[in-house]
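Colleague: sequence and predicted structure are below.
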Amino acid sequence: MKAFTMRITIKQVAEKSGVSIATVSRVFNNSNLVDVETRDRVILVAEELRYSPNQLARSLSKNRTDTVGLLLPDLYGEFFSEIIRGVDQIAQQFDNHLLVSSAHNKREEIRGALRVMSGRVDGLIVMSPNIDAETLHLNLPKNLPVVLLNCYINDKSFDSINIDNFAGANLIVKHLIEHGHKKIAMIKGNDTNYDAAQRIEGYRAALMEFGLDYSSYAVLGDFTQHSGYEAAKNILAMKDRPTAIFASNDSMAIGALSALKEFGVEVPREMAIVGFDDIPVTQYLQPPLTTVCVDVSEYGALAIKKLYAAIQESSQHIRQHVVISPRLSIRDSCGFH
């Protein structure tokens, strides 16, 4: 039979240390009102008794949890791991914990994840293409600081940071056009996804500006490597085969590169290929991938810095809506390094 062990209380630590309960509490809340000798004695007694402060009680007394939340549409892939890395590095600097959840873009999962986060975090970063203002307002406390990351909602109640997807796609397609490509395929994401739709518009606008065909070469993907692989096979089967491929994220570009290699198509001599996001692995591919640079880790870091500003400034905080202008990382895959 398993023995029952009674939990050591703050009162027992106080009695053995010869101090008040309030003094023990001050020690574990890092108050400067306790002298060094008393602090050392309390900590020594706590270690001897194996006392562990009740974190929930401490959170309630301070009216904060020392935890921030991050809600993502998925946890799979280097893009999301880089977002998490950027957020977590800053959270550690503030000696905070990070609570991460994914909702896979399903409405009920999003609502459930928001409710779970509510009351457990001091602030929340939300990245979800299917989020809306009503869902946020109904499932989160009114005064909880929230930063929206790549969420496009018509509501100024929250801080937001967005990538200029149109500009990034337009920039990289023009780069291909300016270096002689006239038949440029696109592996696109689903049109109902805002990021995907804006990248499609940027692609089309660049081709239209130069009087080039934008209707024949767009192939559907879903932002995964497998969909990029399958899309590239479809592009290679086209009767009037393109000379360049713009994959609207790096994961699809990686899948496409695999298909091109499998079918013996030399990159970039026979087919140029470019991506979007600049996840770390792209510089180590063969050939290294030209892509639209977002600096994903720094993107996450910027979001949590803005969140901490909102937490610290409280009711005085002025909400901001930031749009990040991307740039190109030119490498060998486009042939113009």
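Modeller: Yep, that arrived.

Colleague: how about the strands of the stretch 101-250 of the chain, start to end?
Modeller: 123-126, 146-149, 159-163, 184-188, 218-220, 244-247 (DSSP state E, counting those that start in this stretch).

Colleague: give me whichever of the ones you listed is most buried.
Modeller: Among the strands of the stretch 101-250 of the chain, ranked by average contacts under mean count of other Cβ atoms under 10 Å, first place goes to strand 244-247 (a mean of 31). All C-beta spots, glycine's among them, are computed from the backbone N, C-alpha and C.

Colleague: what strands flank that one, and is each parallel or antiparallel?
Modeller: strand 184-188 (parallel), strand 272-277 (parallel) (DSSP bridges).

Colleague: got the contact list for it?
Modeller: The contact list for strand 244-247, computed with Cβ atoms under 8 Å, 6 or more residues apart in numbering, reads 169, 172-173, 176, 181, 183-187, 203, 221, 228, 231-232, 235, 253, 256, 271-276, 334.

Colleague: try it again with 6 Å
Modeller: With contact meaning Cβ atoms under 6 Å, 6 or more residues apart in numbering, strand 244-247 is reached by 173, 176, 181, 184-187, 228, 253, 256, 272-275.

Colleague: closest one of those residues to Ala113?
Modeller: Gly228 (28.1 Å; Cβ to Cβ).

Colleague: just the pLDDT at Glu47, thanks.
Modeller: Here, the pLDDT recorded for Glu47 equals 80.

Colleague: check contacts around the spatially most central residue of the chain.
Modeller: By Cα atoms, centre = their mean, the mean C-alpha position of the chain lies nearest to Ile83, the distance being 3.4 Å. Contact analysis of Ile83 by Cβ under 6 Å, 6+ apart lists 296, 300.

Colleague: the host helix or strand of it to strand 272-277, inter-axis angle?
Modeller: In the assignment (DSSP states H and E), Ile83 maps to helix 78-93. Helix 78-93 and strand 272-277 meet at an angle of 30 degrees, taking axes from the mean of the first three to the mean of the last three Cα atoms, to 10 degrees as the criterion.

Colleague: average pLDDT for helix 78-93, rounded please.
Modeller: Mean per-residue pLDDT for helix 78-93: 91.

Colleague: where's the closest residue to Cys151 other than its chain neighbours relative to Lys16, distance?
Modeller: Distances taken as Cβ to Cβ, 6 or more residues apart in numbering put Ile131 closest to Cys151, at 5.0 Å, once the chain neighbours are dropped. Per Cβ to Cβ, to the nearest Å, Ile131 is found 51 Å from Lys16.

Colleague: where along the stretch 51-200 of the chain do the helices fall?
Modeller: Counting by DSSP state H, counting those that start in this stretch, the stretch 51-200 of the chain has helices at residues 55-62, 78-93, 107-117, 133-139, 165-178, 194-209.

Colleague: pick the most deeply packed of these.
Modeller: Most buried of these, by mean neighbour count (mean count of other Cβ under 10 Å): helix 165-178, with a mean of 22.

Colleague: and that one, what does it pack against?
Modeller: helix 194-209 (3 or more Cβ pairs under 6 Å, 6 or more residues apart in numbering; DSSP states H and E).

Colleague: send the alpha carbons of the helix it packs on over as PDB?
Modeller: Listed in PDB are the C-alpha atoms of helix 194-209, where the atom choice follows Å, rounded to 0.1, in the frame of the first residue of the first chain:
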ATOM      1  CA  TYR A 194      -5.900  35.100 -46.100                       C
ATOM      2  CA  ASP A 195      -2.200  34.700 -46.400                       C
ATOM      3  CA  ALA A 196      -2.500  32.400 -49.300                       C
ATOM      4  CA  ALA A 197      -5.000  34.700 -51.100                       C
ATOM      5  CA  GLN A 198      -2.700  37.700 -50.600                       C
ATOM      6  CA  ARG A 199       0.300  35.800 -52.000                       C
ATOM      7  CA  ILE A 200      -1.800  34.800 -55.000                       C
ATOM      8  CA  GLU A 201      -2.800  38.400 -55.600                       C
ATOM      9  CA  GLY A 202       0.900  39.500 -55.400                       C
ATOM     10  CA  TYR A 203       1.900  36.800 -57.900                       C
ATOM     11  CA  ARG A 204      -0.900  37.800 -60.300                       C
ATOM     12  CA  ALA A 205      -0.200  41.500 -60.000                       C
ATOM     13  CA  ALA A 206       3.500  41.100 -60.900                       C
ATOM     14  CA  LEU A 207       2.600  39.000 -64.000                       C
ATOM     15  CA  MET A 208      -0.100  41.400 -65.100                       C
ATOM     16  CA  GLU A 209       2.300  44.400 -64.800                       C
END
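
Colleague: show me what contacts Phe79?
Modeller: Neighbours of Phe79 in contact, by Cβ under 6 Å, 6+ apart: 277, 279, 296.

Colleague: closest to Arg39 out of these?
Modeller: Val296 (42.4 Å).
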